[in-house]
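> this one's sequence-less:
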Ligand SMILES: CSC[C@@H](O)[C@@H](O)C(=O)COP(=O)(O)O
Ligand SMILES: [Zn+2]
C-alpha cells in the first residue's frame, strides 16, 4: 500500500469512529492528515455528509490548502485553520467537530476566554502526566471570515498538539499523529460532558 493510501485509510477509520459517535451533525466537521515531508495533506471535501463513506471523502491539498491534483472537489471551508496549524507545528493530523456539549461549554465559559480542567485522570490522554496537571482550552469568537478566524486561532497554536474551542461552533484539535489528535478530542469531549452533567446534578441537588 502506498503512503497516501495508508493515510487515506487511517483518516477514513478516524472519520468512521467519529461518525459512530454522531459527531458530524448537519455535514459539520472536517478532518485532515499530513503526508510526511511534502507539506501536502489529505482533507475532507467541503459540505459532504461525513457519516457516509465514499471514494470522494478526501482530497489532497498543498501546504497552502490548494488542491494538489486535478479535482472537482472543494477542500473544507476551514482548510485555512489546518494549513495554519501545519505551518506552525509538527502536527500530523487536525480534527474539527461540532457537538452540543462543546458548543454549550464554549458558551458557558466563552466570556472567560478559556475553560480549565484540573484533577481529572483523563487529562493524561492529552500528554500531561503530573498529578496537578491542568488542561486549558482557549475559547475564541466565531468570526465568519475564515482568515480573521484563523488569525485569532493562530495565537493559540503553541505546540505540536493542542485544542481550541470556537464559540458556539465547535472544537479543533491537533496532534503529531491521528491517534494523538483523536485522544485529545475524546478527552476534551469527555471533560465537557462531565462538566455539564456535574453542573446539572449540582443544580438538581440544590433544588431538592
Ligand atoms: C454545516 S457546518 C458549517 C461549516 O461552515 C463548518 O463549520 C464545518 O464544520 C464544515 O465545513 P466543511 O466545509 O464541510 O469542512
Ligand atoms: Zn465547523
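Noted; the coordinates are in hand. Quick caveat: nothing in here was measured; it's all calculated off a predicted structure. Ligands and ions are numbered 1, 2, ... in the order given.

> residue 106 against residue 165, yeah?
Yes: judged on C-beta atoms under 8 Å, residue 106 makes contact with residue 165 at a distance of 4.5 Å. (Each C-beta comes from the backbone N, C-alpha and C, glycine too.)

> secondary structure class for residue 59?
Classification of residue 59 using DSSP: H, G, I helix; E, B strand; the rest coil returns strand.

> now the longest helix seen in the chain, how far from the centre of its chain.
The residue-count maximum for a helix in the chain (DSSP state H) belongs to helix 178-207. Helix 178-207 sits 16 Å away from the centroid of its parent chain (C-alpha atoms, centre = their mean, to the nearest Å).

> what is that helix packed up against?
Where contact means 3 or more C-beta pairs under 8 Å, 6 or more residues apart in numbering; DSSP states H and E, helix 178-207 is packed against helix 3-20, strand 93-97, helix 100-108, strand 114-118, strand 134-140, strand 162-166, strand 170-175.

> so which bits of this structure are right by ligand 1?
Applying C-beta under 6 Å from any ligand atom, we find that the chain lies next to ligand 1 at 26, 27, 28, 29, 30, 44, 46, 47, 76, 77, 78, 96.

> beta-bridge partners for the last one, please?
This points to residue 96. Residue 96 has these beta-bridge partners by DSSP bridges: residue 30, residue 172.

> confirm for me that it is in contact with residue 43.
No: Residue 96 lies out of contact with residue 43 (C-beta under 8 Å); the separation is 10.3 Å.

> what separation do you get for residue 28 and residue 204?
To residue 204, residue 28 is 30 Å away according to C-beta to C-beta, to the nearest Å.

> compare those two (neighbour count), which wins?
residue 28 (14 against 9; other C-beta atoms under 10 Å).

> may I see the PyMOL selection of the buried members of the residues of the chain next to ligand 1?
Here is the PyMOL command that selects the buried residues among these (16 or more other C-beta atoms under 10 Å):
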select buried, resi 29+30+44+76+78+96
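
> tell me which of the residues of the chain next to ligand 1 fall in strands.
Judged by DSSP state E, the residues of the chain next to ligand 1 include 30, 44, 96 as members of strands.

> mind putting the residues you listed into a markdown table with pLDDT?
As requested, those are exported to a markdown table (pLDDT from 0 to 100):
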| residue | pLDDT |
| --- | --- |
| 30 | 98 |
| 44 | 98 |
| 96 | 98 |
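
> quick revisit: among the helices and strands packed on helix 178-207, which is nearest residue 53?
Proximity to residue 53 (C-beta to C-beta) singles out helix 3-20 among the helices and strands packed on helix 178-207, at 6.7 Å.

> what packs against that closest one?
Using 3+ C-beta pairs under 8 Å, 6+ apart, helix 3-20 sits against strand 30-34, strand 41-44, strand 58-61, strand 93-97, helix 178-207.

> no further questions, thank you.
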